[in-house]
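> below is the sequence, then the predicted model.
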There are 2 protein chains.
Amino acid sequence: MPQISLSRRLRRTPFSDGVQAAGVKAYTVYNHMLLPTVFESVQVDYRHLKDHVQVWDVSCERQVELRGPDAARLMQMLTPRDLRGMLPGQCFYVPIVDETGGMLNDPVAVKLSEDRWWVSIADSDLLLWVKGLANGYRLDVLVDEPDVSPLAVQGPKAEDLMARVFGDRVRDIRFFKFDMFQFEGRDLAVARSGYSKQGGFEIYVEGGDIGMPLWNALFAAGEDLQVRAGCPNLIERIEGGLLSYGNDMTDDNTPHECGLGKFCNTHTAIGCIGRDALLRVAKEGPVQQIRPIAIEGDAVPPCDGPWPVYANGKRVGQVTSSAWSPDFKTNVSIGMLRLSHWDAGTNVEVETPDGMRRATVQERFWI
Amino acid sequence: MPQISLSRRLRRTPFSDGVQAAGVKAYTVYNHMLLPTVFESVQVDYRHLKDHVQVWDVSCERQVELRGPDAARLMQMLTPRDLRGMLPGQCFYVPIVDETGGMLNDPVAVKLSEDRWWVSIADSDLLLWVKGLANGYRLDVLVDEPDVSPLAVQGPKAEDLMARVFGDRVRDIRFFKFDMFQFEGRDLAVARSGYSKQGGFEIYVEGGDIGMPLWNALFAAGEDLQVRAGCPNLIERIEGGLLSYGNDMTDDNTPHECGLGKFCNTHTAIGCIGRDALLRVAKEGPVQQIRPIAIEGDAVPPCDGPWPVYANGKRVGQVTSSAWSPDFKTNVSIGMLRLSHWDAGTNVEVETPDGMRRATVQERFWI
């Protein structure tokens, strides 16, 4: 693996000192910020995540803050998900689309109050799209990136660890809800959410100065729980069917192609900029869609570009994420397949850098 | 140095096979794309760039294409530089600002025709800002990222190499102008420009399929010129005062703070979204500005975050890029200094990770 050249442009986070001290071995770059990818090894990190509890520096989930009288209106312009029923204290996974229905991001929207929202973004400068719309439509709203850096606590022992630091009330937070908790006199939003299927929380750390104190408090409280530094794990997130914007989908794709049709209320999401473009695909369905795919044989090499998928010599799709799963003893994969070849059980061939491999479309992800 | 985890999201380029075969040692990520940073070593790469000719994969300078009746109007909305006098065939360095006058990017605009422009961007998703404005203002313009990947040929022997591949007519291209040239039957824009002070060209390679054929043609033609693969060089670009968006400036800064006031015609750039916000700073000048700074002592460590600058114990600015220059025998640096301490000859102190260093503001960059 080549090295990464560090510079101010690849922003450090409030937790970078902790991440380095914990022996991070590799990074990716996400929203112009360092995101750890490996501590011991992807396989060892995976095992530990499934058995214990990890603290993840996911500061790169930057927030786009919308604040002001037109915040809710602008928020609805961004997404085909109907937000009218959303209450303060809720988190919604919201596909964000442009005027053609192409995905610009797949963030989690956090409703702080009627006129204040955070959008916890995937890897694209969504801030610029939102600012451009606010300016063009002359909306009465402030759009900014606040000093908020999410810290995730993930794994089966996450709740126990969090309760030790924030009190037993964290146990009452329901999935995709958040509540406010104090740490060193500061009010922090804590949500039951995160980019794994092992359960856990995301702490929206407002104010970088309390980053390392909180990091240290979690590690001090969790020694006997075998807490350690971790990061979103490639194997675990593919097993769980957690999509990655930029990997599994781009602005070429509609939410329906990404299997996110259930988050689109295209008929009632009045004001959504991509609504007209999505009405037809919402009615008739897409012609290609994301599917879980098991690739046979030994561990595949790293997937650093789309791998073409064939059936009877014809191209029928592509694989965009793939890794060997120690638990499921196969190469768990995410791909986009044509309608003709997306049914569970369909046999296809995947062109990997190591050569052609047999593969099978799965009924569901590995959860 | 930690490693970089490769994935589809960190996009490969049409030249990635060539870059890997040439033994790239490190990358950064720029516009969600791999940008090589080191081949042999930053020092060896530097020497070779100044003596010979290098071919650079700068595909990460993605293009934002504006096409349609409102393209010129939208282009002027983006920048305080007056574009009325710009002719097809010209390249203009254009600061891009938001409604507050904050820099969103510092690209080169390429005017292909009255209704068709390319904006060759620095590291931010400018596409989203431009699309948002086009949508909000209901402009009659298509905004897209075309399949165009710039390939730079830089160094004192660049003109000779280019003439061998494209013919002697390349010698007639003037600085920041472009002309069309054929390669394998394809028309390509070739500009005299690039992110070094050693002279050279940028080829706007339209269609990824001819990427490697062009790469190979340049290497085949330049063997006796000692052509080799290279990349923007940290030392050389600091010496030359070439700013890096995200490193030396961010959306916190106005063009005037970045020393780009000469590219702002704030009074006549009618339609520029940031014009009102910039009128006052254009008249009175900024209170902080980018300056060349020489840091004393041995080679500094890598600058991966702002280094505070002090005078008499008070903070007066920050250094954001710094490297040891073999030619000038000092740590050439770029920093932002307060008005009170930006005059050439001013002595300051810089807080590096290795401790406090004495430093002096320079009259000009090292060119």
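All right, it came through fine.

> who's A:S113 bridged to?
A:R116 (DSSP bridges).

> cool, and A:Q182?
Beta-bridge partners for A:Q182, by DSSP bridges, are A:D187.

> help me confirm that it comes into contact with A:A189.
No. Applying Cβ atoms under 8 Å, one finds A:Q182 not in contact with A:A189, separated by 11.5 Å. Placement of C-beta: from N, CA and C, glycine included.

> tally of neighbours for A:P213?
Per other Cβ atoms under 10 Å in any protein chain shown, the neighbour tally for A:P213 reads 14.

> which SSE is immediately downstream of the helix or strand containing it?
Taking DSSP states H and E as the definition, one finds A:P213 inside helix A:211-221. Moving toward the C-terminus from helix A:211-221, the first helix or strand encountered (DSSP H and E) is strand A:228-230.

> list the buried ones in that next one?
Using 16 or more other Cβ atoms under 10 Å in any protein chain shown as the test for burial, strand A:228-230 gives A:228-230.

> now stretch A:274-293
Neighbour counts over stretch A:274-293 (16+ other Cβ under 10 Å) mark A:274-275, A:277-278, A:281-282, A:286, A:288-293 as buried.

> so what's A:T352 bridging to?
Here A:T352 sits in beta bridges with A:G355, going by DSSP bridges.

> quick one on the thing from earlier: A:Q182 and A:A189: which is more packed in?
Using other Cβ under 10 Å as the criterion, A:Q182 and A:A189 rank with A:A189 on top: 20 against 10.

> count the neighbours of the closest residue in space to that one that isn't next to it in sequence for me.
Leaving aside its chain neighbours, A:A189 sits nearest to A:Y204 (4.3 Å; criterion: Cβ to Cβ, 6 or more residues apart in numbering or on different chains). If you count neighbours by other Cβ under 10 Å, A:Y204 ends up with 21.

> A:D327 too?
By other Cβ under 10 Å, the residues close to A:D327 number 13.

> closest residue of the stretch 251-367 of chain A to chain B?
A:D304 (4.0 Å; Cβ to the nearest Cβ).

> same check, this time on the stretch 151-300 of chain A
Closest to chain B within the stretch 151-300 of chain A is A:G246: 3.3 Å, counting by Cβ to the nearest Cβ.

> how many other residues sit next to the residue nearest to that residue when sequence neighbours are not counted?
Among residues not flanking A:G246 along the chain, B:R9 sits closest, at 3.3 Å (Cβ to Cβ, 6+ apart). B:R9 has 24 neighbouring residues, counting by other Cβ under 10 Å.

> ok, B:R9 touching A:L243?
No. B:R9 is beyond contact range of A:L243, at 11.4 Å (criterion: Cβ under 8 Å).

> quick one, what contacts A:G259?
The contact partners of A:G259, by Cβ atoms under 8 Å, 6 or more residues apart in numbering or on different chains, come to A:243, A:289-290.

> ok, the residue of the stretch 151-300 of chain A closest to chain B to A:E65 distance?
Computed as Cβ to Cβ, to the nearest Å, the A:G246 to A:E65 distance reads 23 Å.

> ok so, going back, who are the packing partners of the helix holding A:P213?
The helices and strands touching helix A:211-221, judged by 3 or more Cβ pairs under 8 Å, 6 or more residues apart in numbering or on different chains; DSSP states H and E, are helix A:16-21, strand A:54-57, strand A:148-154, helix A:158-166, strand A:178-183, strand A:200-206.

> try it again with 6 Å
In this structure, helix A:211-221 packs against helix A:158-166, with contacts taken as 3 or more Cβ pairs under 6 Å, 6 or more residues apart in numbering or on different chains; DSSP states H and E.

> just the C-alphas of the helix it packs on, formatted as PDB.
The C-alpha trace of helix A:158-166 is given here as PDB (Å, rounded to 0.1, in the frame of the first residue of the first chain):
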ATOM      1  CA  ALA A 158     -21.100   0.100  23.700                       C
ATOM      2  CA  GLU A 159     -24.200   0.700  25.900                       C
ATOM      3  CA  ASP A 160     -22.300  -0.400  29.100                       C
ATOM      4  CA  LEU A 161     -19.400   1.900  28.300                       C
ATOM      5  CA  MET A 162     -21.600   4.900  27.500                       C
ATOM      6  CA  ALA A 163     -23.600   4.400  30.700                       C
ATOM      7  CA  ARG A 164     -20.400   4.700  32.700                       C
ATOM      8  CA  VAL A 165     -19.500   8.000  31.200                       C
ATOM      9  CA  PHE A 166     -22.900   9.600  30.600                       C
END
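
> pairing partners for the lengthiest strand in chain A, with directions?
Secondary structure of chain A per DSSP state E: the longest strand is strand A:314-325. Partners of strand A:314-325 in the sheet, by DSSP bridges, are strand A:307-311 (antiparallel), strand A:330-338 (antiparallel).

> can you put these in CSV and add mean neighbour count, mean pLDDT and distance to B:G317?
As requested, these are exported to CSV (neighbours: other Cβ atoms under 10 Å in any protein chain shown; pLDDT from 0 to 100; distance: least, Cβ to Cβ, whole Å):
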stretch, mean neighbour count, mean pLDDT, distance to B:G317
strand A:307-311, 20, 98, 49
strand A:330-338, 24, 98, 47
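
> tell me which of the ones you listed sits nearest to A:G211.
A:G211 sits nearest to strand A:330-338 of all the strands paired with strand A:314-325, at 32.0 Å, using Cβ to Cβ.

> run the chain-centre distance for that closest one.
Strand A:330-338 sits 18 Å away from the centroid of its parent chain (Cα atoms, centre = their mean, to the nearest Å).

> and the residue nearest to A:R338 when sequence neighbours are not counted, how many neighbours?
Leaving out its chain neighbours, the residue that sits closest to A:R338 by Cβ to Cβ, 6+ apart is A:V316, at 4.6 Å. Other residues near A:V316 number 21, with proximity taken as other Cβ under 10 Å.

> show me what contacts A:V316?
By Cβ atoms under 6 Å, 6 or more residues apart in numbering or on different chains, the contact set of A:V316 is A:309, A:338, A:341.
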